[in-house]
Every structure is written in C-alpha cells, then in structure tokens.
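**Student:** turn this into a structure:
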Amino acid sequence: MVPLTPIQRWFFEQEFEEQDYWNQAVLVRVEKKLEKRHLDGAMKEILRHHDALRLRFWEEGGEWKAEQEGMKEEGEVAWEDLSGLSKENQREEI
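**Tutor:** Here you go, the predicted structure:
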C-alpha cells in the first residue's frame with residue numbers, strides 16, 4: 001500500500017458521483033501508418049516507468065487507500081481504426 005498524494009486526497013474528498021469516469025483524454029493525429037504493436041510497446045514502457053499510472057484505489061472504513069498494481073502481459077491500448085469511415089462519421093465516432 002502507498003500513501004495518497006495531496007491531489008489524490010483532494011480528489012477523493014470531492015465525492016464525485018462517478019469517480020471512475022474522471023479522466024483526461026487526448027486525441028493524437030498521426031501522419032504516418034501506426035502499427036498497434038509499436039503503440040502497445042510504447043505504452044507498456046510508459047506504464048513500466050511511471051508507477052503512478054498503475055495505482056488502484058479503493059475505500060475502506062471511510063478512508064481511501066492506494067496500491068501499486070503489477071505489470072500486465074496483455075496490451076493496455078484500446079485500438080479503433082476509423083480510417084474506413086468518412087471524415088464526418090469519424091468525428092461522430094470519436
């Protein structure tokens with residue numbers, strides 16, 4: 001188990017209705033063909049290097065706790081190829 005950081009404590013004190021939907025999203029436009037295995041490999045290295053991205057949180061006795069999760073063997077990247085859709089349908093799907 002690891003202690004919560006001040007920002008993690010603040011987050012849980014807010015009592016958001018759906019905490020598991022709190023996220024930061026990014027859309028990256030890639031000009032060259034991207035291979036899923038390369039993206040999977042890069043994401044695994046980021047997860048291996050940044051322990052905080054593997055923290056899992058739960059509430060116990062009114063107190064939030066965090067624990068470091070190990071690395072998974074399976075890929076972490078959700079892959080959606082929208083190249084077969086029109087630009088308008090791509091925007092709608094995103």
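**Student:** which SS state does residue 65 fall under?
**Tutor:** strand (DSSP: H, G, I helix; E, B strand; the rest coil).
**Student:** hang on, it packs against residue 3?
**Tutor:** No - look at residue 65 against residue 3 with C-beta atoms under 8 Å: they stay out of range, at 9.1 Å. Yep, even glycine has a C-beta here, placed from its N, CA and C like the rest.
**Student:** neighbour count winner among those two?
**Tutor:** A side-by-side neighbour count of residue 65 and residue 3, using other C-beta atoms under 10 Å, places residue 65 first with 15 against 8.
**Student:** for the more buried one, give me its contacts.
**Tutor:** Residue 65 sits next to 1, 4, 57-59 when contact means C-beta atoms under 8 Å, 6 or more residues apart in numbering.
**Student:** looking at it now. What's its pLDDT?
**Tutor:** According to the predicted model, the pLDDT of residue 65 comes to 94.
**Student:** what does residue 12 give?
**Tutor:** pLDDT recorded at residue 12 is 90.
**Student:** as CSV, could you dump the C-alpha coordinates of stretch 51-70?
**Tutor:** Extracted in CSV, the C-alpha atoms of stretch 51-70 (Å, rounded to 0.1, in the frame of the first residue of the first chain):
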residue,chain,number,x,y,z
ASP,A,51,4.4,3.7,-11.2
ALA,A,52,1.5,6.1,-10.5
LEU,A,53,-0.2,5.0,-13.7
ARG,A,54,-0.6,1.6,-12.2
LEU,A,55,-2.1,2.7,-8.9
ARG,A,56,-5.5,1.2,-7.9
PHE,A,57,-7.7,2.9,-5.3
TRP,A,58,-10.5,1.7,-3.0
GLU,A,59,-12.3,3.0,0.0
GLU,A,60,-12.1,1.1,3.3
GLY,A,61,-13.6,2.3,6.6
GLY,A,62,-14.3,5.8,5.2
GLU,A,63,-10.6,6.1,4.1
TRP,A,64,-9.2,6.0,0.6
LYS,A,65,-6.3,3.7,0.0
ALA,A,66,-4.0,3.1,-2.9
GLU,A,67,-2.0,0.0,-4.0
GLN,A,68,0.5,-0.5,-6.8
GLU,A,69,-0.6,-2.9,-9.4
GLY,A,70,1.9,-5.1,-11.3
